[in-house]
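> predicted model and sequence below, questions to follow.
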Amino acid sequence: MFELKVDPKNPHHYIIGVAIRDMRSKNRGQMYVKYGPLYFTNDDVQNVANAKTLLDDKIYRTIYKMKPGEIYKATECNEIIMSLIGMKIASQSNNATLHHFSSSCEIPDAEKFFDDYVERANILNSQEMKGLDNAHIKGYWWN
């Protein structure tokens, strides 16, 4: 899934879309969270990997004639796939970047946490800016 780094010690995942405020904004040029956070777990990652395997399997696609939506439902990842596709399309359309973060526990009030994180990343050379750079998702498996 996205070529994400998945670690059993950090089974909770978040994807956020980050954009830059335009010239009409009072905070122009500042980064902000435009999409997300989208929360999922290692179980969801495994379900998506199973879906990808079935999508690539000629038996399922040609003999059983299963459509991608049917495979997503069968592998219990329809919701996460649709959310990821939506985030990808929206981020590409609006010049936003997607970033993946992992955690050992679920983050309470993740929306506020990531809003604050990205706000702090606006400071040049901050730890958060480096964290955003490291978390940037560069490849998508459904390209």
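Right, received. Where do you want to start?
> residue ranges in this protein under the pLDDT threshold?
For the chain, the stretches with pLDDT under 70 are 1-3, 139-143.
> just to be sure, residue 113 is in a helix?
Yes. Judged by DSSP: H, G, I helix; E, B strand; the rest coil, residue 113 forms part of a helix.
> tell me, how many residues neighbour it?
Under the neighbour criterion other CB atoms under 10 Å, residue 113 is assigned a count of 16. All C-beta atoms are positioned from the backbone trio N, CA, C, and that covers glycine.
> pretty sure it contacts residue 107?
Yes. The pair residue 113 / residue 107 is scored as a contact, 5.2 Å apart, by CB atoms under 8 Å.
> who's in contact with the residue located most distally from the centre of the chain?
Distance to the chain centre peaks in the chain at residue 63, reaching 32.3 Å (criterion: CA atoms, centre = their mean). Neighbouring residues of residue 63 by CB atoms under 8 Å, 6 or more residues apart in numbering: there are none.
> try it again with 10 Å
Neighbour list for residue 63: residue 57 [criterion: CB atoms under 10 Å, 6 or more residues apart in numbering].
> equivalent analysis for residue 59, please.
Contacts of residue 59 by CB under 10 Å, 6+ apart are residue 66.
> and it, which of the three is it?
helix.
> and the gap between it and residue 73?
Per CB to CB, to the nearest Å, residue 59 is found 18 Å from residue 73.
> before we move on, what about residue 63?
Taken as CB to CB, the span from residue 63 to residue 73 is 19 Å.
> secondary structure element holding the residue nearest the centre of the chain?
Residue closest to the average C-alpha location in the chain (CA atoms, centre = their mean): residue 15, at 3.4 Å. Secondary structure from DSSP states H and E places residue 15 in strand 12-20.
> so what are the sheet partners of that strand and their directions?
The strands beside strand 12-20 in its sheet (DSSP bridges) come out as strand 31-41 (antiparallel), strand 97-103 (antiparallel).
> for residue 81, find the nearest of the ones you listed.
strand 31-41 (10.5 Å; CB to CB).
> distance from the closest one to the middle of the chain?
With CA atoms, centre = their mean, to the nearest Å as the basis, strand 31-41 stands 7 Å off its chain's centre.
> would you mind identifying the next helix or strand past the helix or strand residue 48 falls within?
Element membership of residue 48, judged by DSSP H and E, is helix 42-56. For helix 42-56, the following helix or strand on the C-terminal side (DSSP H and E) is helix 58.
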